[in-house]
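Visitor: Build the 3D model from these lines:
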Amino acid sequence: MKNSDRILNILSYIGNADKPVSPKELEEKLNIPISSVYRILNTLILWEYVTHSHILGFYTLGAQSLKGRELYEKYSLLTPSVEKILTTLMEKSNESAAIIVSDLSKSICVSMIESKQALRCSFIPGKGDVLIKGASGKTLLAFYDKALQTKILAQYFRQDQQAEKALLIKDLEAIKKCGYGRSVGEIDEGVLGISAPIFRQKQTAAVVTLMAPYFRSQDKEPEFIKLVMTAAHHITDIINHN
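Guide: Now for the predicted structure:
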């Protein structure tokens with residue numbers, strides 16, 4: 001693994017963690033030698049991308065992340081026009097709608113318009129999840145170019161898990177052919193997810209995802225798919241003409 005990939009892997013892992021992490025955890029989860037983990041952490045601390053936690057021996061995101069959040073909210077694809085489309089999707093479906101991006105190791109929810117109807121869902125802005133399960137992650141993977149998709153899949157599957165990897169690749173091919181992804185209960189039990197890709201200059205930038213309990217969605221799926229694909233198309237149009 002290149003040193004630059006190791007740095008970004010560590011930064012991404014710390015950013016996606018729900019609590020401070022230890023060097024030992026980074027070594028075990030990312031398969032990076034402990035000496036390299038400490039060397040990279042020292043560099044990231046100097047630049048304030050990572051900082052010491054108040055828990056001795058653990059690390060979390062540094063002050064640079066605060067500056068980054070402000071810039072992201074101000075200049076990312078989440079313009080008022082895009083937020084309006086997401087709100088319209090929620091109002092027409094009466095279900096929760098979100099925009100999900102990826103840091104190439106996990107999916108990350110960056111915006112969510114919640115329905116007034118109850119939904120037990122783990123997606124909240126800023127939270128990451130795996131890319132190999134659920135409509136959002138798999139749709140992002142499906143529409144990445146082959147080289148990038150292969151690189152991401154290599155992070156998730158060991159050499160003895162090639163059969164599972166082959167099944168997922170077949171699933172991704174089906175998603176790309178349909179133009180949207182669909183899953184039930186892969187991330188949250190009983191939750192239907194429908195996702196469609198957003199493109200920036202023909203590259204996959206994010207997905208729009210609609211989330212709803214499966215029990216109240218079974219007769220509405222065709223309508224939901226149409227609404228999600230329309231929203232993704234409109235957002236793609238906006239971010240490519242600003």
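
Visitor: which non-adjacent residue is nearest the residue nearest to the spatial centre of the chain?
Guide: In the chain, the residue lying closest to the centroid (C-alpha atoms, centre = their mean) is Ser107, at 1.4 Å. Sequence neighbours aside, Gly137 is the residue nearest to Ser107 in space, at 4.4 Å (criterion: C-beta to C-beta, 6 or more residues apart in numbering). The way it works is simple: take the backbone N, C-alpha and C, and place the C-beta from them, glycine included.

Visitor: so that neighbour is in which element?
Guide: helix 134-143 (DSSP states H and E).

Visitor: That helix packs against which elements?
Guide: With contacts taken as 3 or more C-beta pairs under 8 Å, 6 or more residues apart in numbering; DSSP states H and E, helix 134-143 sits against strand 96-102, strand 107-113, helix 146-156, helix 162-178, strand 181-184, strand 191-200, strand 203-213.

Visitor: ok, the last one: who's next to it in the sheet?
Guide: I take that to be strand 203-213. Neighbouring strands of strand 203-213 in its sheet, by DSSP bridges, are strand 96-102 (antiparallel), strand 191-200 (antiparallel).

Visitor: Would you convert those strands into TSV that also reports mean pLDDT and mean neighbour count?
Guide: Formatted as TSV, the strands paired with strand 203-213 follow (pLDDT from 0 to 100; neighbours: other C-beta atoms under 10 Å):
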stretch	mean pLDDT	mean neighbour count
strand 96-102	93	24
strand 191-200	95	24
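
Visitor: And the lowest mean pLDDT element among the helices and strands of the protein?
Guide: In the chain, no helix or strand scores lower on mean pLDDT, DSSP states H and E than helix 64-75, which sits at a mean of 70.

Visitor: Counting by contacts, list what the next helix or strand after that one packs against.
Guide: Counting by DSSP H and E, the element after helix 64-75 in chain order, helix or strand, is helix 80-93. Counting contacts by 3+ C-beta pairs under 8 Å, 6+ apart, helix 80-93 is packed against strand 96-102, strand 107-113, strand 203-213, helix 221-239.

Visitor: List the buried residues of helix 80-93.
Guide: Val82, Ile85, Leu86, Thr88, Leu89, Met90, Lys92, Ser93 (16 or more other C-beta atoms under 10 Å).

Visitor: what comes into contact with that helix?
Guide: 96-99, 111, 113-115, 208, 210, 212, 220, 223-224, 227-228, 231, 234-235, 238-239 (C-beta atoms under 8 Å, 6 or more residues apart in numbering).

Visitor: Just the buried residues out of the residues you listed, in PyMOL syntax.
Guide: Of these, the buried ones go into a single PyMOL selection, burial set by 16+ other C-beta under 10 Å:
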select buried, resi 96+97+98+99+111+113+115+208+210+212+220+224+227+228+231+234+235+238+239
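
Visitor: hang on, the earlier thing: in a markdown table: the helices and strands packed on helix 134-143, plus distance to Leu78.
Guide: Listed next are the helices and strands packed on helix 134-143 as a markdown table, based on distance: least, C-beta to C-beta, whole Å:
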| stretch | distance to Leu78 |
| --- | --- |
| strand 96-102 | 7 |
| strand 107-113 | 5 |
| helix 146-156 | 23 |
| helix 162-178 | 24 |
| strand 181-184 | 21 |
| strand 191-200 | 11 |
| strand 203-213 | 9 |
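
Visitor: Lys29: which of the ones you listed is closest?
Guide: When these are compared by C-beta to C-beta, helix 146-156 sits nearest Lys29, at 10.6 Å.

Visitor: Would you mind extracting the C-alpha trace of that closest one into CSV?
Guide: Provided in CSV are the C-alpha atoms of helix 146-156 (Å, rounded to 0.1, in the frame of the first residue of the first chain):
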residue,chain,number,x,y,z
LYS,A,146,-14.0,-0.5,-12.8
ALA,A,147,-10.5,0.3,-11.5
LEU,A,148,-11.9,2.3,-8.5
GLN,A,149,-14.5,-0.4,-7.9
THR,A,150,-11.8,-3.1,-7.8
LYS,A,151,-9.6,-1.1,-5.4
ILE,A,152,-12.5,-0.6,-3.0
LEU,A,153,-13.6,-4.2,-3.1
ALA,A,154,-10.0,-5.3,-2.3
GLN,A,155,-10.4,-3.5,1.1
TYR,A,156,-13.5,-5.6,2.0
